[in-house]
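In: give the three-dimensional model of this entry:
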Amino acid sequence: MLGRVAGRFGRVEPRRRAKAFVYGLLADLPRKNCWTIAEHAGDPNPDGMQHLLGRAVWDHDGVRDDLRDYVTEALGDPEAVLVIDETGDLKKGSQSVGVQRQYTGTAGRIENAQVGVFLVYASDAGHAMIDRELYVPRGWIEDPDRCRAAGIPQEVGFATKPALAKAMLGRALDAGVPAAWVTGDEVYGADPDLRSELETRGVGYVLAVACDHRVRAGGDSYRADALLRRVPARAWQCVSAGRGAKGHRLYDWAFVRLDDRASHVGGQAGQHWLLIRRNRTTGELAFYRCWTPRPVLLATLVRVAGRRWTIEERFQTGKGLVGLDQHQVRRWRSWYRWTTLAILAHAFLVVAALASQARRPPSAGLISLTCNEVQHLFAALVTCPAGDLGHRLHWSVWRRRHQARARTCHYRRQAARP
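Out: Reported below is the predicted structural model:
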């Protein structure tokens, strides 16, 4: 995998350091940041790792493209689903790029956080993250001095989360990524530009919408939940949305045909649907706006809707196994580089687990290798920490000296305040 991205580094030094960095992300470190990764790699201080993220010359967007090809070669399927969603990293300060008080699903409320939008490639073989974009709130974009301090390029303007998702989807589809569907939550389902772009490209979608989302049926506009009266009792079908940790996720489903716009995509008229999900125990409802370039079965729409949960699993394993959210970086370029290398390390775990299953199916009584188990084995057998006792003591002295300097500077700043 690292050999595939080697050409994105102009010099051997950053290429070797990037390898050590990825090994650190895959190691069993209690916390993953430039300090711990540098100590694990045998460096005398974190300057080299920080230089890799902030100032070294290498093409992190090119690495992203190589990563995307690596994943789709292993998991490629013409009926695959591209899943879009965002995740937040809680922050205490105000200097990290894009940080402000905003809603994040990580906390389930408004918190001081940094939000990234991600794209996952999901097929029957597996699923992995293939792209990322940082969401920069409008307040940041309207403050040029703050943007300059965080290293945000001048050409970067305000973009909504659906606009960022649209850009990532465009990159993937323009690169020939084999996929037939897109799914996402209500943030993306409510955006007409995103839906129109997918229809123009002939890519089907199953996007969640709120109960008060307006749709057109029979020539009139309705709230999504108002169309329930059009669903007869016999129309509900119990269909699995895929396997979860406790077995099949069974819900009752129904769909209602919506008015089609007078447009044709690829010579075929698309079909618009409202898909409705009902919890079999609580009766809780969820709604999805769907478009298909050709007629499909209800089970197909349900399968696509069920793929949306794969991105939550990738966020969980990405943060837990490769430190996706553990970066302590403040600037634009550093965020993109850390995130790119983290999803690269995570893709390795996904593909390695898949390759192991293909090469040697598990024996009776064993489950297949998981990303967690591959990371544990890789950390135990490959990413052995460098350095002897003297190296550990050196790092203890270095940390305490740095922390003493930081404390002194903090006290001086406090004393200088009026």
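
In: only C-alpha atoms from now on, for both contacts and neighbour counts.
Out: Fine.

In: so residue 200 sits in a helix?
Out: Yes: counting by DSSP: H, G, I helix; E, B strand; the rest coil, residue 200 falls inside a helix.

In: for it, report the pLDDT, please.
Out: Per-residue pLDDT puts residue 200 at 93.

In: what's around it, how many residues?
Out: Counted with other CA atoms under 10 Å, the burial measure for residue 200 works out to 14 neighbours.

In: so how far is residue 291 from it?
Out: Here the distance between residue 200 and residue 291 works out to 11 Å (CA to CA, to the nearest Å).

In: correct me if wrong: residue 379 contacts residue 26.
Out: Yes: counting by CA atoms under 8 Å, residue 379 sits close enough to residue 26 to count as a contact (6.3 Å).

In: so which of those two has more stuff around it?
Out: Between residue 379 and residue 26, residue 26 has the larger neighbour count (other CA under 10 Å), namely 27 against 19.

In: ok, the more buried one touching residue 373?
Out: No: with contact defined as CA under 8 Å, residue 26 and residue 373 do not form a contacting pair (11.6 Å).

In: which neighbouring elements make contact with the host helix or strand of residue 167?
Out: Secondary-structure element containing residue 167, defined by DSSP states H and E: helix 161-174. In this structure, helix 161-174 makes packing contacts with strand 81-90, strand 109-122, strand 127-135, helix 186-189, helix 192-201, judged by 3 or more CA pairs under 8 Å, 6 or more residues apart in numbering; DSSP states H and E.

In: using TSV, lay out those together with distance to residue 356.
Out: Compiled in TSV, these are given as follows (distance: least, CA to CA, whole Å):
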stretch	distance to residue 356
strand 81-90	23
strand 109-122	19
strand 127-135	15
helix 186-189	35
helix 192-201	35
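
In: follow-up on the earlier one: can I get the helix holding residue 167 in CSV? Just the C-alpha atoms.
Out: As requested, C-alpha coordinates have been extracted for helix 161-174 and formatted as CSV (Å, rounded to 0.1, in the frame of the first residue of the first chain):
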residue,chain,number,x,y,z
LYS,A,161,-21.8,20.2,4.0
PRO,A,162,-23.9,19.1,1.1
ALA,A,163,-21.6,21.2,-1.2
LEU,A,164,-18.5,19.5,0.2
ALA,A,165,-20.2,16.1,-0.3
LYS,A,166,-21.1,17.0,-3.9
ALA,A,167,-17.4,17.9,-4.6
MET,A,168,-16.3,14.5,-3.2
LEU,A,169,-18.9,12.6,-5.1
GLY,A,170,-17.9,14.4,-8.2
ARG,A,171,-14.2,13.5,-7.8
ALA,A,172,-15.1,9.8,-7.2
LEU,A,173,-17.5,9.5,-10.1
ASP,A,174,-15.2,11.4,-12.5
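
In: which residue is nearest the middle of the protein?
Out: Residue closest to the average C-alpha location in the chain (CA atoms, centre = their mean): residue 118, at 3.1 Å.

In: can you pull the contacts of that one?
Out: Contacts here follow CA atoms under 8 Å, 6 or more residues apart in numbering; on that basis residue 118 touches 84, 85, 86, 87, 129, 130, 131, 132, 133, 165.

In: what's the farthest-apart pair in these?
Out: The most widely separated members of the contacts of residue 118 are 87 and 130, with 14.8 Å between them, by CA to CA.
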